[in-house]
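1. Fold the stuff below for me.
(4 chains)
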There are 4 protein chains.
Amino acid sequence: MNGNGTWIRAAIVGASGYTGAELVRLLVGHPDVRIEAMTADRKAGQAFGAVFPHLAAAVTDLQLPPLVAVDDVDWSAIDVAFLGLPHGAAHAVARQLPERVRVVDLSPDFRFADPTVYGEWYGTHGAPDLQADAVYGLTEIHRQRIAAARIVGCPGCYPTASLLPLIPLIEAGAIGADDVIIDAKSGVSGAGRALKEGSLYAEVAEGIAAYGVAQHRHAPEIEQAMSVAAGRTVRVNFTPHLMPMNRGILASLYVRLAGGASADDLRQTLAERYQNEPFVRVLAAGVVPATRHVRGSNFNLIGVFADRLPGRAIILSVIDNLVKGAAGQAVQNMNRQFGRDERTGLTQQPLFP
Amino acid sequence: MNGNGTWIRAAIVGASGYTGAELVRLLVGHPDVRIEAMTADRKAGQAFGAVFPHLAAAVTDLQLPPLVAVDDVDWSAIDVAFLGLPHGAAHAVARQLPERVRVVDLSPDFRFADPTVYGEWYGTHGAPDLQADAVYGLTEIHRQRIAAARIVGCPGCYPTASLLPLIPLIEAGAIGADDVIIDAKSGVSGAGRALKEGSLYAEVAEGIAAYGVAQHRHAPEIEQAMSVAAGRTVRVNFTPHLMPMNRGILASLYVRLAGGASADDLRQTLAERYQNEPFVRVLAAGVVPATRHVRGSNFNLIGVFADRLPGRAIILSVIDNLVKGAAGQAVQNMNRQFGRDERTGLTQQPLFP
Amino acid sequence: MNGNGTWIRAAIVGASGYTGAELVRLLVGHPDVRIEAMTADRKAGQAFGAVFPHLAAAVTDLQLPPLVAVDDVDWSAIDVAFLGLPHGAAHAVARQLPERVRVVDLSPDFRFADPTVYGEWYGTHGAPDLQADAVYGLTEIHRQRIAAARIVGCPGCYPTASLLPLIPLIEAGAIGADDVIIDAKSGVSGAGRALKEGSLYAEVAEGIAAYGVAQHRHAPEIEQAMSVAAGRTVRVNFTPHLMPMNRGILASLYVRLAGGASADDLRQTLAERYQNEPFVRVLAAGVVPATRHVRGSNFNLIGVFADRLPGRAIILSVIDNLVKGAAGQAVQNMNRQFGRDERTGLTQQPLFP
Amino acid sequence: MNGNGTWIRAAIVGASGYTGAELVRLLVGHPDVRIEAMTADRKAGQAFGAVFPHLAAAVTDLQLPPLVAVDDVDWSAIDVAFLGLPHGAAHAVARQLPERVRVVDLSPDFRFADPTVYGEWYGTHGAPDLQADAVYGLTEIHRQRIAAARIVGCPGCYPTASLLPLIPLIEAGAIGADDVIIDAKSGVSGAGRALKEGSLYAEVAEGIAAYGVAQHRHAPEIEQAMSVAAGRTVRVNFTPHLMPMNRGILASLYVRLAGGASADDLRQTLAERYQNEPFVRVLAAGVVPATRHVRGSNFNLIGVFADRLPGRAIILSVIDNLVKGAAGQAVQNMNRQFGRDERTGLTQQPLFP
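-> Okay, here's the model as predicted:
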């Protein structure tokens, strides 16, 4: 099972949400990882297979540990902690871990280089000293620094879908960084398993609506990364929409061409940048990416199109929000931190239909 | 039943598609209309209740006529013909009708003032002489001319959702007509009942993708109306997406402010323009329209929001594509042509959940 | 508007749930009814149009009253109270109403002739003295008594779909009352708008499962009515399933033939019994009813089929759980109580697709 | 990659349907298999990644062969042929294969021991001589014979879900074989990718209906296996329903207890029979199986419940129709034919939500 001779012993902190369950799904198929601890808050003490019956067979077959409170984890037996917690909570847990333990955080807590920006959107940063050790975990962009990082702050789902196409184009000066419109469509699992009226089947099925218009917390996260790429502060139009699907994000990006580039040039720039990437695929001219073609997988598909409006282009980018947008990218980052091939445990094909 | 003392005798030409069925649904509840003929092409001879079982009880109770071939209609007993045919076919039928019969066309055949533009997108115009008699049937914009028109070319579903907010703002000079981005999301019924792989449940459910990127036939239709409003030729970014819902269109419009207007000014302009309209409702600041809130009804809900990008605004517009985007607007236009209150037969509330 | 010269002044108690909203949707289209009061518990004080935006236009146009606490209703101005409350709560409200006010209860509180049976499944009956005044509101079966009843206890959605075909056949001795298997499939709105993990989109979409197996509270309600029809106490297999749709119930009934009857005889018996009913339709041999063919309407469609197992038959029965299974049947009963045509306000056609 | 030192060289005949695509998805993750040929009829010549874009990355990475006509396959380089063809077509292909090539047929062509029964439901059997070499591929029941079989006729999806719980109980005499009612609910992928009006999104979404009532072709297949288990000819009530989900079958089985058995006894009998099975899991008392808990996996979950009707029990059985009901069971059978561990290539966990 473990070709390298050493197991990576993992704890999943916050295993009772959809992201936590997705981590379990991926990690039980990872040849080098053993799940040594799983924590939950209100559901501590419950059998994981009762909380997520789709993994009940895996619990039995692999003798996965029960859900415990985070304080009951024996950290001396853990190499990496995946944190699938609400914002604010990850700071507190990260503080109490031995320095030896690597942290892969899926919350927003370690995404912002500037704790002040974090504070504006999420409240006071609970571990500003640790922030200096953290790297923004957009793997394809920051993989060298991720390898060495103790803490990886994994990007949000919307930022992942948006930034993978945007960053290389901004860096190349091929699009205007100040005039990017992101119309994003998301499945419902992105809202988590919390009980909210807006997540009820009858409120979501057979309809679509925008939400958090001009106020969504992923806007500053996208702006941070775009600003780094542009070398100056930029803002973005980010308009998310909630629609009836379990998984998937489509980011439709409307960009202004710059530096004399054409839509074909954008596609070429992205294709070259990502030509050796296992998970980012730039589609041929005319091919439209669809969320259902990445479901359950760690892929990001990108299509580039000329616009009817002169001087503009359209970029379409799709991911599975729970995989490349959360648990998959987290595992990819862990692979990098522990010197494994990034693809390890992430080779499942998309599930369609 | 018929307060005016005169029935409007209607023929539904092309009653075997979703639009045709929706016309039947609405017209059987219209107090002044009697459906005297229904035609179908391949399904001529079948009982309408077998083709659309949800209306089988109405067929029985109201003794609706059987589906016949279009050539078998006795036009001497018809006052108005609703044409729910594929493009190209409506021209041919319109040609053979007695001049006395009013025509409400739901195809693209009579939407383009310039037959050359029609030709570029749909093929040769089959009745350019009749085009001069036709009025573009966006009721709230052209209702005076519709009243007198023999032929009404009802707008497409996407144009209806897009143009109702755009036209007043362009006319007011409050937005830039040259920089409008329309990211539209549509339910599947818009593709009709034709057998296409892309309309299969398993190809649509649990996913979203753009289609017809920069090439959709509703782009020139939107541009025609925007150009009239702007007083010059303009182009538009129109990017439709197909998503898993039966009915509904959400048009997310990204616009550049002009003439010193703010987002609040846009909302105010629209609110004033539509303050007496029964079907167009401009929502209060902060209220987000959702397709599920207009399902089955003739309403258009519009919300206006400030953008994070300076100098821009976001407009969200929703309709039911089969009602306000097709059959409902057609009935509204017929009411106008025959001097009825526009609301007659269209007072059903939305169906939610 | 009001042909009879007298308005029926209605209060909707518990208007913030899906059933309450559906009552509003139907009653605003009822020519003889004026909604004079709407109550909510936690949402009292909110605008109804904010709680249910699909009816916001109706609120404005018809000047519907705001949501108030039940204690703030002026009962002297009310003729009929629709109670859309959780079980137990309806008893308390019914107690405090003037005797002049008719009650149409949509909860289980007045469905059980024997308060002891109610007690076994729902807890102590809070108004056993009023129970004597109550009639079980399965309109087609009990309409004579409903006309005179002060309190109508409207049937549950599953019982309505199951009992309309079963009762005439048991009464005719054409099926065995002791061997009826009801495999029922329901949309999610039946679970209400309460926040439950099992009602979340991601827990319901793209799947199906049984629930409450052999323990669902609608079993004793069905058994009560079947026992009355059979003239002896009978039990039933009732197995409900939750599936991804907003509205609709399909009851698949597996019955043993009795008294020498064939499947054709069952169909004939039902067709005769319901031949003059506006809302119950017995389909021709070979025609399969579908929930989507009754969506939004008060219809019940019934199909009868021979079984491959000798001596058995299959009966398929569909309704919209929020209309014929709740608010529609409630309005039908109110029409009967106030001497109106039962169809008044219920003539909307089903919405498909 | 291939621990055994020998690759299994596979041809997928009929790779352009959902079942074919699912075979590709599973086999590209199988460590011992190389896909050497893929055929399609009308789509021969197209790139597989264009026909199924969700596998386009796999096509590129693994250099999968293009789609060719079946006559263009070099059978000398093939060890096993998976046939994913319509009924009738598999007979013709099987005839022309070298005897050395093992056949795993996913059509009904080799499911019926008696060609006459096949003929009654599907038309004349095209290879009655080969039928003698064929084994019914319900792995858990016939695995010894499957190991030696040249041709495996894989069961239909409904029979798989129904027979895995039924056969051990009939063999044990714990249920009456003559009084089994199977109310089955299926996702839409079971109908394949063919263009049928009934498979359109708008015809399926938000509704449910039975189909093929008392006439579905899976009834005789289920009866064949039940008759073998009972030692006499038996018939069954099999009532399939089509519902809005991509994947999944729930078979709700209503059975009469026999031989003094209780519902608990049934559960115990099944638990013992399947205690060492990797893919069949008998759930603890009170736990309800759901299709979404097996999505994308080869699992079959079974729950057993007492009935309110004395002397009866309820059995709930779920599978993913494209995996355990088709491609997964096919791979499981191939593993058996080639001496591999049955789990090889089938260890993916279910995808939820």
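2. Close to chain B: what parts of the stretch 151-300 of chain A are there?
-> Within the stretch 151-300 of chain A, the positions adjacent to chain B are A:178-179, A:181, A:183, A:185, A:187, A:202-203, A:205-211, A:213-214, A:219, A:235-239, A:241, A:243-248, A:250, A:252, A:254, A:288-293, A:295 by Cβ under 8 Å from any Cβ of the partner chain. Every residue, glycine included, has its C-beta placed from N, CA and C.
3. check contacts around residue A:186.
-> Neighbouring residues of residue A:186 by Cβ atoms under 8 Å, 6 or more residues apart in numbering or on different chains: A:157-158, A:240-243, A:248-249, A:321.
4. Now go through these and say which are in strands.
-> Judged by DSSP state E, the subset of the contacts of residue A:186 located in strands is A:240-242, A:249.
5. how about the closest residue to chain B within the stretch 1-150 of chain A, phi and psi?
-> Residue nearest to chain B within the stretch 1-150 of chain A (Cβ to the nearest Cβ): residue A:121, separated by 12.6 Å. Residue A:121 has phi and psi values of phi -110, psi -30 when expressed as degrees, to the nearest 10.
6. What distance do you get for it to residue A:112?
-> With distances taken as Cβ to Cβ, to the nearest Å, residue A:121 is found 8 Å from residue A:112.
7. what's the overlap in contacts for the two?
-> By the contact definition Cβ under 8 Å, 6+ apart, residue A:121 and residue A:112 are jointly contacted by residue A:220.
8. In chain A, mark out all the strands, start to finish.
-> Using DSSP E, the strands of chain A run over residues A:8-13, A:33-39, A:67-68, A:80-83, A:102-105, A:134-136, A:151-153, A:181-186, A:209-210, A:237-242, A:249-256, A:280-282, A:300-306, A:312-319.
9. Packed most tightly, which of those would that be?
-> strand A:151-153 (a mean of 28; mean count of other Cβ atoms under 10 Å in any protein chain shown).
10. Could you list every helix and strand that the top helix by length along chain A packs against?
-> When chain A is scanned for its longest helix (criterion: DSSP state H), the result is helix A:157-171. Helix A:157-171 sits against helix A:139-148, strand A:181-186, helix A:218-230, strand A:237-242, strand A:249-256, helix A:263-273, strand A:300-306, strand A:312-319, with contacts defined as 3 or more Cβ pairs under 8 Å, 6 or more residues apart in numbering or on different chains; DSSP states H and E.
11. Touching the fourth one from outside, list them.
-> Right, the one you point to is strand A:237-242. For strand A:237-242, the external contacting residues (Cβ under 8 Å, 6+ apart) are A:158, A:162, A:180-186, A:188, A:191, A:198, A:204, A:208-214, A:216, A:218-219, A:222, B:185, B:250, B:252, B:254, B:307-309, B:312, B:314.
12. is stretch A:260-273 anywhere near chain D?
-> No: judged by Cβ under 8 Å from any Cβ, stretch A:260-273 and chain D are separated, with a smallest distance of 12.7 Å.
13. buried ones in that stretch?
-> For stretch A:260-273, a neighbour-count test (16 or more other Cβ atoms under 10 Å in any protein chain shown) marks A:261, A:263, A:265-267, A:269-271, A:273 as buried.
14. Adding mean pLDDT, write the strands of chain A out as TSV.
-> Supplementary listing: the strands of chain A in TSV, determined by pLDDT from 0 to 100:
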stretch	mean pLDDT
strand A:8-13	98
strand A:33-39	98
strand A:67-68	97
strand A:80-83	98
strand A:102-105	98
strand A:134-136	98
strand A:151-153	98
strand A:181-186	98
strand A:209-210	98
strand A:237-242	98
strand A:249-256	98
strand A:280-282	98
strand A:300-306	98
strand A:312-319	98
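15. Between these, which one is closest to residue C:345.
-> Nearest to residue C:345, of all those, is strand A:209-210, at 29.6 Å by Cβ to Cβ.
16. Most distant residue from the centre of chain A?
-> residue A:310 (33.4 Å; Cα atoms, centre = their mean).
17. In contact with it, which residues are there?
-> residue B:235.
18. And it, how close does it get to residue A:268?
-> In this view, residue A:310 and residue A:268 are 20 Å apart by Cβ to Cβ.
19. What of residue A:239?
-> 28 Å.
20. Name the nearest residue to the residue in the stretch 101-250 of chain A that chain B sits nearest to, ignoring sequence neighbours.
-> Nearest residue of the stretch 101-250 of chain A to chain B, counting by Cβ to the nearest Cβ: residue A:207, 3.2 Å away. Once flanking residues are discounted, residue A:207 sits nearest to residue B:292: 3.2 Å by Cβ to Cβ, 6 or more residues apart in numbering or on different chains.
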